[in-house]
Each structure stands twice: as structure tokens, then as C-alpha cells.
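[1] give me the fold of what follows.
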Amino acid sequence: MKISALKFLLTLIFTINGLLCFAQSLSIGAGPIFTLTKQEVKLVKGKSNFENTGFSKNLSYEHLLNLKNSYALFTAAFFKGESWIKFKEGSVSSFDGLGFRGTDIQRFSIGFGFAPFGIEKSYYLKSFLTIGCQFSKTLGHEFFGSQGQIQGPDYFEIEPVTAEAYNTFQLFPSLGIKTGLLIYKIIDIGITIQGVYGFKPYQKIYFKYNYKGIPQETAIFASDGTGLFIDLGIGINFVNLIKIIE
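    Numbering: from 1, shown residues only. Okay, here's the model as predicted:
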């Protein structure tokens, strides 16, 4: 799946490159991701959880447009879907959180960017807006973190915690900024911070419990890709490289 999707992205890049004439840069990178685990059915005294849930591998391509300081942007990201149940400190005797990893995520997007101070400056700042598609593929169910029976003093499990993962497809919007250095006008070293909003859950956790002895509705925690993605990348500016070679 990754290979075929990557072939599609590269084919799209080279097609547009042939149509527009002004290739810009290709970058690879990786970085931490911070995703939101939403509460579809609220845990009593609980809250949605936002934290570092791993790392992503990234590929991005920028293509100059015939508009001043603007460019088209194509990105791909690959990471594992991760969700958490977090308990208030002291409300569970054995641990304060339980994680679940059940999906492999592939995300592709296309968008428009603008560099207000110039694209080919030694130091640059860019902003961008994209629309993309996200695919999830189920993996073997994996719980991690502190594990054990949840047995008070506040929360008492009625049944062991369960989870589901799904094969999904969804469209998503994102907004971000990129800043970095263009060394010798060829080597692009940058940091990208991208905010993504998801709509369709790719995995869920179910917690059947009593709260201080009183039965409650099953709490449901869901992840859909909403989060903050940080990419530390290095790339090559082909426009300037070709000029030097010539």
C-alpha cells in the first residue's frame, strides 16, 4: 500500500513538473506527532487527551508558481495510530493511563504556500494551507503503558478494556508554517509545524466501569488524526542546483 501510494505521489509530482516548468525542492524528514484522543462518550471526571503519540516519516515537494513568493505543495506522511485513556492522578490505584496502537496511517495532501519575505532567502518563513486524504490500515491490536486491572479508588472496571481499529478513508484540511535555512541556495534544512483536523475515527477504546460504585455508560475514546505534526527535514533545491551545474 505504501509503495503504490508513493508511486502515485511521484507520478503526480512529475506530471505537474512537466506542465509548470519551475521545479523547486524535494525534502525528506521525520518528527514527533502530538495527536488528540477524543471522548465520544465522556468518562466521568475525564477529559480528551492531547500528547506525543510517536513519530512520523515525511516526504514533501514544493513547486514554484507564477505568483510572487508562492508555491504549490505536495506532502506525504506515514505513522502509527495511537490512542490513550488518561485517569486523574490518584483515581486509579495501579496506573494513570492505558494506550492502544492499532492502525498504520498514510496521509497525502496538496495545497498552496506563501513566503512573505521571499522563497529563496538564506533564511525563510513560509505558511501553507492544504487539503488531503488519509488512509488507515488495521494492525494487530496492541495495548501498552501501565496495564493491570482498573480497581479504584474511583474507577472500577466491569470488563477488561477493549479496542477496535478500522480501515478508513477520509479527507482533511491542514494549516502550517515552515522555517529554515537554504545553505548555498541548494541544501534546504527546515522545521515544519502542521495542524491537522480529522473527522473519521480510525480506532476506538471502550471502557466499561463503575465510578465510586455507581455503574456508568461505557466510555468511548476515539482517534481520527487530529493533531500537531512537527517535521525536521532536509531537501534539495533543484532550481539552484541546475543553475550551478549549467
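
[2] mind checking which helix or strand residue 198 is in?
    According to DSSP states H and E, residue 198 maps onto no helix or strand at all.

[3] list phi and psi for it.
    Here the main-chain torsion angles of residue 198 (degrees, to the nearest 10) amount to phi -100, psi 160.

[4] state the pLDDT value of it.
    The predicted local confidence for residue 198 comes out at a pLDDT of 94.

[5] what is the burial count for residue 41?
    As a burial measure, the neighbour count of residue 41 was computed by other C-beta atoms under 10 Å and equals 14. Glycine gets a C-beta too; all of them are placed from N, C-alpha and C.

[6] contacting residues for the closest residue to it other than its chain neighbours?
    Across the structure, with C-beta to C-beta, 6 or more residues apart in numbering as the measure, the residue nearest residue 41 apart from its sequence neighbours is residue 220 (4.2 Å). Contact analysis of residue 220 by C-beta atoms under 8 Å, 6 or more residues apart in numbering lists 39-41, 204-207.

[7] for residue 220, name its beta-bridge partners.
    Residue 220 has the following beta-bridge partners by DSSP bridges: residue 41, residue 206.

[8] where's it relative to residue 54, distance?
    Summarising the geometry, the distance separating residue 220 from residue 54, computed by C-beta to C-beta, to the nearest Å, is 22 Å.

[9] how about the helices of the chain, start to end?
    Defined through DSSP state H, the helices belonging to the chain, from first to last, are 2-20, 238-245.

[10] between these, which has the poorest mean confidence score?
    Of all these, the minimum mean pLDDT falls on helix 2-20 (a mean of 56).

[11] partners of the lengthiest strand in the chain, with directions?
    Longest strand of the chain, by residue count under DSSP state E: strand 123-144. According to DSSP bridges, strand 123-144 forms sheet pairs with strand 97-114 (antiparallel), strand 168-183 (antiparallel).
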